[in-house]
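K.L.:
A predicted structure for the sequence below; I have some questions about it.
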Number of protein chains: 2
Amino acid sequence: MERKRFEGAPCSIARSVDILGDWWAPLIIREALYGTRRFDAFQRWLGIGRNILTKRLSQLVEQGVLERVRYQEKPERFEYRLTEKGNDAAQVLIAMMPFGERWQFEPGHEPIRLFDRRTGDRVHPMLVDAETGEPIDVENLFPGPGPAFPADESIRRERFAEYYRRSVDEA
Amino acid sequence: MERKRFEGAPCSIARSVDILGDWWAPLIIREALYGTRRFDAFQRWLGIGRNILTKRLSQLVEQGVLERVRYQEKPERFEYRLTEKGNDAAQVLIAMMPFGERWQFEPGHEPIRLFDRRTGDRVHPMLVDAETGEPIDVENLFPGPGPAFPADESIRRERFAEYYRRSVDEA
DNA sequence: AGCTTGAGTTCCAAGATGCAACTGACTATG
DNA sequence: CATAGTCAGTTGCATCTTGGAACTCAAGCT
């Protein structure tokens, strides 16, 4: 069976998962962010099988996350670079870092640190609300239908309403 | 062959991928965040096979993302709730939303909106640096080894140095 | 007794994965 | 000239993983 896809899903998370919901795609994007561009380099740094790498790279190119660029002729050779969409995808990986650090390592034992290349200062990624600058606490969020939410999914609308009720009750 | 895992990797992203690098895990966590707790409810909302759901739920419980709680005896019935770790994992999903909205939907056609349940205002998640509050642009980041970075991986250290050099050259 | 709810199992065919070896076009070196 | 690389993929396999659907088991409802 083919893996399930979520192209038509009315959910930004589900559609992101179509790109990032896999173990290699995020790591390939990480490598690209770290400056890797060539097939062999991806293969060596990641320890991924060459056949799988071929497939993932072409999927990522198809999805517009990477760009396949010829860097020499005779023989033709190609490398892969993050597109603008790829940079945005990389943001999601950056959001994984505090999670991974906190829960998958001993406290204070992060393996990698991020720095701002203009100032050299350390960077600590954090999710906030763009308007207020307040840190986001998922327990204070509730979802509601947006402009593209399908009209016929009234069951889900009800559900959002119910979720709202519940979230108010518990408060 | 078993799917590759990254438990020992000196990379927070790789270790997060061990939990979130899959199409169902993120969606199960999304559902949990939306208030779903029961097996059948997960199954119906997600359209996931019951066998796969069983496996994913128990993996997520093992990893400490979900908690399996008995909510009745005779017959024994269990439900699944997000732990604190689960809430942190959900933050990563929240970070996927702006990406998905921007790149996987027509502009202005988001399917779902987030609100703050205390104020009712819309929430727009954004990644910033915790110190300065500046939005994070991945092109201005570079990685360096942290306290838990393996001493023997000098090749990677060199690579970080090279990446730094490159990032300075390009600036 | 017979239907329903809820949480799982069991079976199976079709894919997907990891691993290793193999191409094919060139370039660099002794 | 011959032999080694370099680089970007393919090809072949044995083994897992998936998705889908049917089946189980306990208990409550009617």
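P.N.:
Now that the structure is in, tell me what you want to look at. Numbers count the residues shown, from 1 in each chain, chains lettered A, B, ... in the order given.
K.L.:
And what about A:V69, helix, strand or coil?
P.N.:
Counting by DSSP: H, G, I helix; E, B strand; the rest coil, the backbone at A:V69 sits in strand.
K.L.:
tally of neighbours for A:Y164?
P.N.:
A:Y164 sits with 17 neighbouring residues when counted by other CB atoms under 10 Å in any protein chain shown. No exception for glycine: its C-beta is placed from N, CA and C like everyone else's.
K.L.:
before we move on, what about A:V65?
P.N.:
26.
K.L.:
cool, and A:S12?
P.N.:
Neighbour tally, A:S12, other CB under 10 Å: 25.
K.L.:
ok, now which ones touch the closest residue in space to it that isn't next to it in sequence?
P.N.:
Take A:S12 and drop its neighbours on the chain: the residue closest to it by CB to CB, 6 or more residues apart in numbering or on different chains is B:G100, 2.9 Å away. Counting by CB atoms under 8 Å, 6 or more residues apart in numbering or on different chains, B:G100 touches A:C11, A:S12, A:I13, A:A14, A:R15, A:S16.
K.L.:
so what's the last one scoring on pLDDT?
P.N.:
At A:S16, the model reports a pLDDT of 98.
K.L.:
can you tell me the helix or strand for the residue nearest to A:S12?
P.N.:
Applying DSSP states H and E as the criterion places B:G100 in helix B:84-104.
K.L.:
again with A:A41
P.N.:
Secondary structure (DSSP H and E) places A:A41 in helix A:39-46.
K.L.:
so what does that helix touch, helix or strand wise?
P.N.:
Judged by 3 or more CB pairs under 8 Å, 6 or more residues apart in numbering or on different chains; DSSP states H and E, the packing partners of helix A:39-46 are helix A:24-33, helix A:50-62, strand A:77-82.
K.L.:
Alpha carbons only: can I get the first one in PDB?
P.N.:
When you say that, I think you mean helix A:24-33. C-alpha atoms of helix A:24-33 as PDB (Å, rounded to 0.1, in the frame of the first residue of the first chain):
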ATOM      1  CA  TRP A  24      14.600  11.700   5.900                       C
ATOM      2  CA  ALA A  25      13.000  14.800   4.500                       C
ATOM      3  CA  PRO A  26      13.600  16.900   7.700                       C
ATOM      4  CA  LEU A  27      17.200  15.700   8.000                       C
ATOM      5  CA  ILE A  28      17.900  16.400   4.300                       C
ATOM      6  CA  ILE A  29      16.500  19.900   4.800                       C
ATOM      7  CA  ARG A  30      18.700  20.200   7.900                       C
ATOM      8  CA  GLU A  31      21.700  19.200   5.900                       C
ATOM      9  CA  ALA A  32      20.800  21.700   3.200                       C
ATOM     10  CA  LEU A  33      20.500  24.400   5.900                       C
END
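K.L.:
Now do the buried residues in that helix.
P.N.:
For helix A:24-33, a neighbour-count test (16 or more other CB atoms under 10 Å in any protein chain shown) marks A:W24, A:A25, A:P26, A:L27, A:I28, A:I29, A:R30, A:E31, A:A32, A:L33 as buried.
K.L.:
B:L127: which of the helices and strands packed on helix A:39-46 is closest?
P.N.:
With CB to CB as the criterion, B:L127 lies closest to helix A:24-33 of the helices and strands packed on helix A:39-46, at 13.8 Å.
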